[in-house]
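Engineer: For reference, the sequence and a predicted model appear below.
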Amino acid sequence: MGEEVPEYILNSSVEKLSVAYDSESAAYQTSTNFANKMYVVKGSEYGGNSPTNVKIFDNITRSWIIPTVLGMKPIHVGGHSAVLLNKDRILIVKRDSELDDCIWFLEVDTPFVKEQKKVFGTEVVAWSKGVAGNAPKPIVISGPSGVGKGTLINKLMKEFPSTYGFSVSHTTRAPREKESDGVHYHFTDRITMEQDIRDGKFLEFASVHGNLYGTSIEAVEVVTDSRKRCILDIDVQGARSVRASSIDAIFIFICPPSFEELEKRLRARGTEVEEQIQKRLRNAKAELDEAKSHGPFDHLLVNDELEFCYDNLKKLIASDELATPLHRSSKLYCNVAFKYSDFSKRSYKYPVHSAMKNSKILVSDVEFKRDKTFLHCGDKDLLLLDISSLKGGAPGRTRGLNVCPVESSGGCVNGIAQL
Ligand SMILES: Nc1nc2c(ncn2[C@@H]2O[C@H](COP(=O)(O)OP(=O)(O)O)[C@@H](O)[C@H]2O)c(=O)[nH]1
Ligand SMILES: Nc1ncnc2c1ncn2[C@@H]1O[C@H](COP(=O)(O)OP(=O)(O)O)[C@@H](O)[C@H]1O
């Protein structure tokens, strides 16, 4: 059984929410119960280097489990609150954080985590950062080598530089003459890339024409964070993986007018040696068959006359935008400072900052009510965290959060504003 269960956890009468300070190890811990298990998140002192630690206590076997931890982890978690949401993830609210870094999710039983438990054969938890507002839907573009994907994407990015952003993939293939690292691809080697894949840094990856290619989670999230619509140029296997992920994207396959024309374009580009051209043409046949029969694609576009195809691509994307209008929430940046309480001892461990004096919003704890979560800020002011339309999730960000300050004119009853 190893370590003993800290007393405050066993005695805790607060099941939904727990905040605690483990004075012996000088670390901040929360415990959240879910399905006979207790998830313990242990943060560190500010300025401390130790990483945030997640452990699971199995209430049946009375033993500790060290889970496989996936997703992009928060840089630093010190004091925090934790509350179980949707019976599949724990909302972690960090103390003393900017609003764009204070909401995190530790997924414990989401579809992604369930899938990864099968892959790893261990307990799995996955971090996902919460981001206010909805994200523009990414566009996945696939098609055989030489069909004109890059040409079409370049035109789109040139005409609408502030609307679209390119997801820069990683690859083990050598750079072409006019390609630069970090712009066309992140050029890497197989050992490094395989390690990054094992570390869960990739949204998808595939072996294509004898090399490894992959979309890192960061590649997509960086573009989406900049409020641009992310464009992914990936092969059919990659498109399938993204389709199966939590990312809601539009999938477009570009077809050549004929196989002969495809071969002509590939040769005219002059970037591949004959052996590579043959390999790409063989793979093109399989990709075309797959895309046309049971592929993951929403639309097939024929790239015959370039301008005509480009116009069709723009129309297609525009009609999709109309169908799913972008909800751009007004962003709110403020410092969140928790009124910090130790539930086992019912005493405040930290001085309460004044909301007026240092223009910080005071948040004392988190309470879940229907599909809204209230971050309590002193007696009257609240931050309302609306989690009714969450999107995405591990291994990427969780978007669709709405965070707004609430004036509770009727005052608070039991800590919850009368809205
Ligand atoms: N699965 C996957 N495929 C990718 C990725 N990046 C590029 N590809 C695909 O890999 C294939 C080869 O790309 P590249 O070597 O640039 O050659 P090109 O298609 O002839 O320009 C193309 O089908 C790309 O769509 C990626 O991140 N993931
Ligand atoms: N509609 C088109 N008609 C003729 N040539 C095209 C057309 N679209 C692209 N090309 C040319 O075909 C070659 C391959 O295009 P590229 O964009 O590199 O393909 P991909 O990215 O799909 O491998 C390039 O030399 C490009 O200029």
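Structural biologist: That came in fine, so what should we check first? Ligands and ions are numbered 1, 2, ... in the order given.
Engineer: Run through the helices of the stretch 51-200 of the chain in chain order.
Structural biologist: 99-102, 111-120, 149-159, 190-198 (DSSP state H, counting those that start in this stretch).
Engineer: out of those helices, nearest to I234?
Structural biologist: Distance to I234, taken as CB to CB, is lowest for helix 149-159 among those, at 9.5 Å. Where you see a C-beta, it was placed from the backbone N, CA and C, and this is true even at glycine.
Engineer: I'd like the average pLDDT over the closest one.
Structural biologist: For helix 149-159, the mean per-residue pLDDT is 97.
Engineer: since we're on the closest residue to ligand 1 within the stretch 1-150 of the chain, how many residues are nearby?
Structural biologist: Residue nearest to ligand 1 within the stretch 1-150 of the chain: S145 (3.3 Å; CB to the nearest ligand atom). S145: 23 surrounding residues under other CB atoms under 10 Å.
Engineer: Then the one 10 residues further on?
Structural biologist: The burial metric for K155, expressed as a neighbour count using other CB under 10 Å, is 17.
Engineer: Quick check: the gap between the nearest residue in space to it that is not next to it in sequence and ligand 2.
Structural biologist: Nearest non-adjacent residue to K155, counting by CB to CB, 6 or more residues apart in numbering: Y310, 5.4 Å away. Per CB to the nearest ligand atom, to the nearest Å, Y310 is found 9 Å from ligand 2.
Engineer: one step back: wouldn't the residue of the stretch 1-150 of the chain closest to ligand 1 be in contact with A284 here?
Structural biologist: Yes. S145 lies in contact with A284 (CB atoms under 8 Å); the separation is 6.4 Å.
Engineer: Can you check what angle separates the helix or strand that contains L313 from helix 149-159?
Structural biologist: According to DSSP states H and E, L313 maps onto helix 306-323. Computed by axes from the mean of the first three to the mean of the last three CA atoms, to 10 degrees, the angle separating helix 306-323 from helix 149-159 equals 60 degrees.
Engineer: tell me the domain ranges of the chain?
Structural biologist: Taking automatic domain parsing as the reference, the chain has its domains at 7-133+330-417, 139-323.
Engineer: ranking those by mean pLDDT, which is last?
Structural biologist: domain 7-133+330-417 (a mean of 67).
Engineer: where do the strands sit along the stretch 51-200 of the chain?
Structural biologist: 53-58, 63-65, 68-70, 80-85, 89-94, 97-98, 103-107, 124-132, 139-142, 164-166, 169-171, 185-187 (DSSP state E, counting those that start in this stretch).
Engineer: Going along the chain, name the strands of the stretch 201-350 of the chain.
Structural biologist: Under DSSP E, counting those that start in this stretch, the stretch 201-350 of the chain gives strands at 202-208, 211-216, 229-233, 250-255, 299-302, 335-338, 341-342, 347-348.
Engineer: Save those as CSV, and put in mean neighbour count and distance to G43 too.
Structural biologist: Output for the strands of the stretch 201-350 of the chain, formatted as CSV (neighbours: other CB atoms under 10 Å; distance: least, CB to CB, whole Å):
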stretch, mean neighbour count, distance to G43
strand 202-208, 21, 27
strand 211-216, 22, 26
strand 229-233, 24, 31
strand 250-255, 22, 39
strand 299-302, 16, 46
strand 335-338, 22, 12
strand 341-342, 20, 14
strand 347-348, 10, 18
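Engineer: Could you export the ones you listed as a markdown table, including distance to ligand 2?
Structural biologist: Below are those laid out as a markdown table (distance: least, CB to the nearest ligand atom, whole Å):
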| stretch | distance to ligand 2 |
| --- | --- |
| strand 202-208 | 11 |
| strand 211-216 | 13 |
| strand 229-233 | 7 |
| strand 250-255 | 7 |
| strand 299-302 | 9 |
| strand 335-338 | 45 |
| strand 341-342 | 57 |
| strand 347-348 | 60 |
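Engineer: S44 is nearest to which of the ones you listed?
Structural biologist: For those, the distance to S44 is smallest for strand 335-338, at 15.8 Å, taking CB to CB.
Engineer: which residues are contacting stretch 162-179?
Structural biologist: Identification of contacts with stretch 162-179 by CB atoms under 8 Å, 6 or more residues apart in numbering yields 138-139, 153, 156-157, 181-190, 193, 196, 202, 205, 209, 211-216, 219-220, 222-223, 226, 228-234, 271.
Engineer: from these, which are also near ligand 1?
Structural biologist: Among these, proximity to ligand 1 is found for 209, 213-215, 233-234 (CB under 6 Å from any ligand atom).
Engineer: before we move on, back to that, quick one: the strands of the stretch 201-350 of the chain as TSV, columns for distance to L316 too.
Structural biologist: Formatted as TSV, the strands of the stretch 201-350 of the chain follow (distance: least, CB to CB, whole Å):
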stretch	distance to L316
strand 202-208	22
strand 211-216	21
strand 229-233	13
strand 250-255	7
strand 299-302	6
strand 335-338	41
strand 341-342	53
strand 347-348	57
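Engineer: Out of the ones you listed, flag the one nearest R280.
Structural biologist: strand 202-208 (9.3 Å).
Engineer: Who are the packing partners of that closest one?
Structural biologist: helix 190-198, strand 211-216, helix 217-225, helix 236-244 (3 or more CB pairs under 8 Å, 6 or more residues apart in numbering; DSSP states H and E).
Engineer: how about stretch 306-321 as PDB, C-alpha atoms only?
Structural biologist: C-alpha atoms of stretch 306-321 as PDB (Å, rounded to 0.1, in the frame of the first residue of the first chain):
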ATOM      1  CA  LEU A 306      -6.700  26.600 -60.300                       C
ATOM      2  CA  GLU A 307      -8.700  29.800 -60.000                       C
ATOM      3  CA  PHE A 308     -12.000  27.900 -60.400                       C
ATOM      4  CA  CYS A 309     -11.000  25.400 -57.700                       C
ATOM      5  CA  TYR A 310      -9.800  28.200 -55.400                       C
ATOM      6  CA  ASP A 311     -13.200  30.000 -55.800                       C
ATOM      7  CA  ASN A 312     -15.000  26.800 -54.900                       C
ATOM      8  CA  LEU A 313     -12.800  26.200 -51.900                       C
ATOM      9  CA  LYS A 314     -13.600  29.800 -50.600                       C
ATOM     10  CA  LYS A 315     -17.300  29.300 -51.200                       C
ATOM     11  CA  LEU A 316     -17.200  26.000 -49.400                       C
ATOM     12  CA  ILE A 317     -15.400  27.400 -46.300                       C
ATOM     13  CA  ALA A 318     -17.700  30.500 -46.300                       C
ATOM     14  CA  SER A 319     -20.900  28.300 -46.300                       C
ATOM     15  CA  ASP A 320     -19.500  26.300 -43.400                       C
ATOM     16  CA  GLU A 321     -18.700  29.500 -41.500                       C
END
